[in-house]
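Asker: model the structure of this input:
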Amino acid sequence: MGPGGTQQFLSKIASTLSNYSFSQSVVVINNVVDSVLLESMVSKGIEVKIIGKWRLLLGIGLIQTIWWLKKKNFDVSVTMLFYSDICGPILSAASGIKKIVSTQRSSNMHYRKWQMWILSKSLEYVDSVILNNESSKQVTGRYLPFDKRVIVIPNGIDHKKYQIKEVTSNIREELGFDKNAILLGCVGRLSKEKGADLLIDAVNKLCRKQIKLLLIGQGPYKVKLEEQIAALDLEGQVFMMGHRFDVPNILRQLDLYVQPSRFEGMPMAVLEAMASSCPIVATAVDGIKELVIDGKTGWLVERENPDSLAKAIIECLDNSVEAKKRVLKASERVSKWYNEQDVHEAWVSEITNQ
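Answerer: A predicted model of the protein is given here:
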């Protein structure tokens, strides 16, 4: 996987805003930024300012950022992810920015009480909150101030980009698989909420050696997942692929895409799989339920249930006729309701509406 879902989203929105001749800057609270994303931003004339969490905590970063924001005289600020949502609204308000927008990219069910409390205070400074799915309204309501404008703008993709049938490289040959190997794929950050451990358990229950699972992405659960794979003796079936920048090419070669998340926002990976004509098995959580309609555009199962995952995987693999029917409807659904251009225009409208 290349840049993560939120970073991909940020890059695309920034590109769209560049087409409108807006002057943009991106403030990074972490110490580093993905090199590919950084190069993409800079090439579009977008200034990237890297602060670092420690500089903020020591106070130096706070003073410098407020001074910089005032000097730039921005009209709008948009915050994304936890630390940005804590610092961004307060810094923006202190700098005199006229409009402050927060976007909640996930249902954030893992937030603890102290995190929700501090978010509820910092988000008092925002004018509106943008969610990417309807389901998140209920969950994020635990910490969103009740008087704030909340709107839903779903994620979107360029559907045609994923309809290309040719492959640039054969992933089976790259990994030394037999041409008849059955490929399962999952794209996402290796963290607890993404549920890769549940999918590994499901593959173990299948007892089909010809099935190969590709886990694409990186994250804090990498070592735990490697230990799980070794403990189950699945080294010949489950492969940790790390970051990949050829995800569309890999998706075109999968026999099945699986999203075993414990909670979500609206995963770009599922949209990409739908557009790539991959059959899909996923857990019925948050924005996934809006993308995948059980029995019509894919298979949905309850979360935290490897047995249900395994059963749905077998049902899909063993019924190619039904899988093709659902794939066609999934592709049509993405092109109709999750068009990237429409989504970006909705974002521009919300950001520029004073």
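Asker: how close does the residue located most distally from the centre of the chain sit to residue 64?
Answerer: Taking CA atoms, centre = their mean, the residue of the chain most remote from its mean C-alpha position is residue 71, at 33.0 Å. Distance of residue 71 to residue 64, computed by CB to CB, to the nearest Å: 10 Å. C-beta coordinates here come from the backbone N, C-alpha and C atoms, glycine included.
Asker: chain neighbours aside, what residue packs nearest to residue 295?
Answerer: residue 326 (7.9 Å; CB to CB, 6 or more residues apart in numbering).
Asker: neighbours of the one you found, just the number please.
Answerer: By other CB atoms under 10 Å, the residues close to residue 326 number 22.
Asker: name the SS class of it, please.
Answerer: helix (DSSP: H, G, I helix; E, B strand; the rest coil).
Asker: with the one 4 residues further on instead?
Answerer: Secondary structure, three-state DSSP: residue 330 is helix.
Asker: wait, what's in contact with it?
Answerer: 274, 277, 280, 292, 297, 298 (CB atoms under 8 Å, 6 or more residues apart in numbering).
Asker: ok, of these, which one's closest to residue 34?
Answerer: residue 274 (24.9 Å; CB to CB).
Asker: my read: the closest one touches residue 291, true?
Answerer: Yes: here residue 274 reaches residue 291: they are 6.7 Å apart, a contact under CB atoms under 8 Å.
Asker: list the residues that contact both of those two?
Answerer: Joint contacts of residue 274 and residue 291 (CB under 8 Å, 6+ apart) are 297, 333, 334.
Asker: quick one: residue 252 from residue 278, how far?
Answerer: From residue 252 to residue 278 the distance is 8 Å (CB to CB).
Asker: if you count surrounding residues, which of those two has more?
Answerer: The neighbour count for residue 252 versus residue 278, taken as other CB under 10 Å, is higher for residue 278 (26 against 19).
Asker: low pLDDT regions in the chain?
Answerer: Within the chain, the segments meeting pLDDT under 70 span 1-5, 32-33, 354.
Asker: quick one: the strands in it?
Answerer: 25-28, 47-50, 76-80, 99-104, 128-131, 149-152, 182-187, 211-216, 238-242, 256-259, 280-283, 299-301 (DSSP state E).
Asker: and of the ones you listed, who's closest to residue 56?
Answerer: strand 25-28 (10.5 Å).
Asker: ok, back up a step: mind putting the contacts of residue 330 into JSON lines with distance to residue 14 and neighbour count?
Answerer: Output for the contacts of residue 330, formatted as JSON lines (distance: CB to CB, whole Å; neighbours: other CB atoms under 10 Å):
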{"residue": "274", "distance to residue 14": "25", "neighbour count": "30"}
{"residue": "277", "distance to residue 14": "29", "neighbour count": "17"}
{"residue": "280", "distance to residue 14": "29", "neighbour count": "26"}
{"residue": "292", "distance to residue 14": "29", "neighbour count": "25"}
{"residue": "297", "distance to residue 14": "30", "neighbour count": "22"}
{"residue": "298", "distance to residue 14": "31", "neighbour count": "29"}
